[in-house]
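Asks: coordinates for the following, if possible.
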Amino acid sequence: MKPASPRRRARELALQGLYQQQVGGADADAIAAHWREDADQRDADAVFLAELWRGVNTESATLLATLSPDLDRPAASVSPVERAILLIGTWELLHRLDTPYKVVINEAIELAKSYGGIDGHRFVNGVLDKVAARVRAPEIAARRRERKPDPR
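Replies: Purely as a prediction, here's the structure:
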């Protein structure tokens, strides 16, 4: 099996940390300190991980408000794994415009396939597609224009 890219590994660590917070009440700073000390975590993109971790932790209420209109149930009833993946994906869609929206969604789907429930990846895909349509509308429109053949 091919090892995960440094960015994917960072997303995995953020997901695991968010899960520890949601289920066990772990402290965000303690989780981040553990990553800095653990040699097994050095294969992750440390700069991206720090930015993602800080962003998701400081903006979680805003991120939930952004994605909640696209949920079919209250955010509190979404499984902790899928909720964490949605927070990560929504943060990336809002703040990492250098990452194409399709890549953000695909990475979230892969996390859900690896860590989520049986159909969690479908749920994550559906929600993040809707979030992207709102927060990345210009990028999506430009992509559609690029794909359309010239009618001449």
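Asks: Asn106 versus Lys113, what's the distance?
Replies: Counting by C-beta to C-beta, to the nearest Å, the separation of Lys113 from Asn106 is 10 Å. Placement of C-beta: from N, CA and C, glycine included.
Asks: check whether Val131 really touches Gly89, as I assumed.
Replies: Yes - with the criterion set as C-beta atoms under 8 Å, Val131 and Gly89 qualify as a contacting pair; they are 7.4 Å apart.
Asks: comparing those two, which residue is more hemmed in?
Replies: Here Val131 and Gly89 are set side by side on neighbour count (other C-beta atoms under 10 Å), and the busier one is Gly89, at 28 against 24.
Asks: element containing that one, please.
Replies: Counting by DSSP states H and E, the element that carries Gly89 is helix 80-95.
Asks: in that helix, what's buried?
Replies: Of the residues in helix 80-95, those buried by neighbour count under the rule 16 or more other C-beta atoms under 10 Å are 81-95.
Asks: which residues are contacting stretch 69-82?
Replies: Applying C-beta atoms under 8 Å, 6 or more residues apart in numbering, the external contacts of stretch 69-82 come out as 15, 18-19, 22-23, 64, 67-68, 83, 86, 112, 115-117, 120, 123-124, 126-127, 130-131.
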